[in-house]
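In: this one's structure only:
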């Protein structure tokens, strides 16, 4: 099993850039997105919850969960609500918020871009290797090890993904691995599939989404029904043969 990286509690990583003085908190209004946004988020959350339930009971898969941590420069608290997150030790219990100063940082944060959120999530500039906005807050101000922004309709980011990770104290671009997927230190990996970001487990198997699971269950139900029908037909035919055999022997019914 892949060894999990458990982030340490927040420590400042570098000075606040001159062009960014405050990270706004997320609100209910600021995180509401389009249907594409909701589809991408729901499928990602459900697949990660399946992986956690099967293999990682200490994981908490956050679904727009409020995080609490220091603002830049130590001026108050920042309360973002990342669309999806994985905290390796917070456990599966439902919660209202997670205080990173007490419980440590999530290992991986996702933002699903929408027309109302993409600028806050990335604040892209000419240098794609420099994260800004919430990406800067997660990676360089808090020190979250991995951050991935996904654009379901490729409206704002060419290739649909902009991602970074922390390596030896530095923020570097997170590129696809030899598998063709974004490989996390947690052991899971991710690949673009149209408007969805698909999850692959530690064995490299794609985790089915709800519609696919329903289809698999329907296929299994049909297969079971066919097997039961075939069994009943076999029993009926055996009864007929036994009756013919008794008739040939001159035995009564």
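Out: Structure's in. What do you need? Treat the numbers as computed from the prediction; the structure is a model and nothing was measured.

In: Please enumerate the helices of the stretch 1-150 of the chain.
Out: Ranges of helices in the stretch 1-150 of the chain, per DSSP state H, counting those that start in this stretch, are 28-31, 35-55, 100-103, 118-122, 133-136.

In: who does the second one touch, helix- and strand-wise?
Out: In this case it means helix 35-55. Judged by 3 or more CB pairs under 8 Å, 6 or more residues apart in numbering; DSSP states H and E, helix 35-55 is in contact with strand 60-63, strand 84-87, strand 108-112, strand 196-200. In short, each C-beta sits where N, CA and C put it, glycine included.

In: Now do the residue nearest the centre of the chain against residue 108, distance only.
Out: The centroid of the chain falls nearest to residue 44 when counting by CA atoms, centre = their mean (3.9 Å). Distance from residue 44 to residue 108, counting by CB to CB, to the nearest Å: 11 Å.

In: circling back: looking at the helices and strands packed on helix 35-55, which is buried most?
Out: Highest mean neighbour count of the helices and strands packed on helix 35-55: strand 108-112, a mean of 28 (counted as mean count of other CB atoms under 10 Å).

In: for the stretch 51-200 of the chain, what are the low-confidence residue spans?
Out: Of all residues in the stretch 51-200 of the chain, those with pLDDT under 70 make up the ranges 123-130.

In: what bridges to residue 161?
Out: residue 150 (DSSP bridges).

In: quick one: contacts for it?
Out: Neighbouring residues of residue 161 by CB atoms under 8 Å, 6 or more residues apart in numbering: 148-151, 182, 192, 197.

In: Also residue 57?
Out: Going by CB under 8 Å, 6+ apart, residue 57 touches 91-92.

In: Please, where are all the strands along this structure?
Out: With DSSP state E as the criterion, the chain has strands at 60-63, 66-70, 77-78, 84-87, 97-99, 108-112, 146-150, 161-167, 170-173, 182-183, 189-193, 196-200.

In: For residue 250, find the nearest of the ones you listed.
Out: Proximity to residue 250 (CB to CB) singles out strand 196-200 among those, at 67.5 Å.

In: Outline the domain layout of the protein.
Out: Annotated domains of the chain cover 28-200, 208-253 [automatic domain parsing].

In: Please identify the deepest-packed of the ones you listed.
Out: Across the domains of the chain, averaging neighbours per residue (mean count of other CB under 10 Å) puts domain 28-200 on top, at a mean of 18.

In: so how far is it off the chain centroid?
Out: Here the centre of domain 28-200 is set off from its chain's centre by 9 Å, with CA atoms, centre = their mean, to the nearest Å.

In: Now that residue 78 has come up, it's in contact with residue 70, right?
Out: Yes. Contact criterion CB atoms under 8 Å: residue 78 and residue 70 qualify, at 6.7 Å.

In: Reformat the helices and strands packed on helix 35-55 as a markdown table; add distance to residue 164.
Out: Shown next, in a markdown table, are the helices and strands packed on helix 35-55 (distance: least, CB to CB, whole Å):
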| stretch | distance to residue 164 |
| --- | --- |
| strand 60-63 | 19 |
| strand 84-87 | 15 |
| strand 108-112 | 10 |
| strand 196-200 | 16 |
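
In: Out of these, which gets nearest to residue 36?
Out: Of all these, strand 108-112 comes closest under CB to CB, at 8.4 Å.

In: Name the strands paired with that closest one and say parallel or antiparallel.
Out: Sheet pairing for strand 108-112, using DSSP bridges, gives strand 84-87 (antiparallel), strand 146-150 (parallel).
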